[in-house]
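> Fold the stuff below for me.
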Amino acid sequence: MGGRPDCTKAGTLGSSSSVRRLHVIAAMAVVVLASPVLAWFAVGDTSEAVPNPDYMFRPPSLSTTQELALGATAFALGAAAAVVVVSALRSGVVALGELAPAVPLLLAGAFLGLAGRIVTAGVSGANIGGGLVILFGPFVLLALVV
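All right, here's what the predicted structure looks like:
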């Protein structure tokens, strides 16, 4: 009766179902945010083996150990979050259709990871692939996200 809202009724933030739904949304966000790093790590360095490579953009100066740590962390976080999402789907906390908006974002993240490796590749001469990514990449992202 006082000035505090009752958060124990179904459908409010205090209910167990809505808290689990928030956990699923957070887990799906982690999966989406891990996708560019996972794609970047999975593609690996695409530089040519030339003595003095040319760069469109310089890649971040990371050692192989640091790259492995980034990839392993993204994989661990993404896998743990995916387990939460699949568990919620199986238990009926969320429906498959409710997660559909995350799929294009997941694909866009993977595209960004791939694009990052392409535009930072060391090549002999011009980086044609990097130019194509910069030219057509925004249209791919626009098609995925809109």
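> Contacts for stretch 126-134, please.
Residues outside stretch 126-134 that contact it (Cβ atoms under 8 Å, 6 or more residues apart in numbering) are 54, 55, 56, 57, 115, 118, 119, 120, 121. Every residue, glycine included, has its C-beta placed from N, CA and C.
> If you count neighbours, what's buried in that stretch?
Residues 127, 129, 130, 133 are the ones in stretch 126-134 that count as buried (16 or more other Cβ atoms under 10 Å).
> that older thread, now, which of the contacts of stretch 126-134 sits nearest residue 20?
residue 115 (34.9 Å; Cβ to Cβ).
> Any chance you could list what contacts the helix or strand harbouring that closest one?
Per DSSP states H and E, residue 115 falls inside helix 102-119. Helix 102-119 is contacted by residues 28, 31-46, 56-57, 127, 129-130, 133-134, 137, 140-141, 144-145 when judged by Cβ under 8 Å, 6+ apart.
> repeat for stretch 87-96
Contacts of stretch 87-96 (Cβ under 8 Å, 6+ apart): 17, 20, 21, 23, 24, 27, 85, 99.
> go with 10 Å
Stretch 87-96 has contacts (Cβ atoms under 10 Å, 6 or more residues apart in numbering) with 16-21, 23-25, 27-28, 84-85, 98-99.
> And residue 138, what's its pLDDT?
For residue 138, the model assigns a pLDDT of 96.
> And the one 4 residues further on, by the same measure?
Looking at residue 142, its pLDDT reads 95.
> neighbours around residue 146, how many?
When neighbours are counted by other Cβ atoms under 10 Å, residue 146 registers 6.
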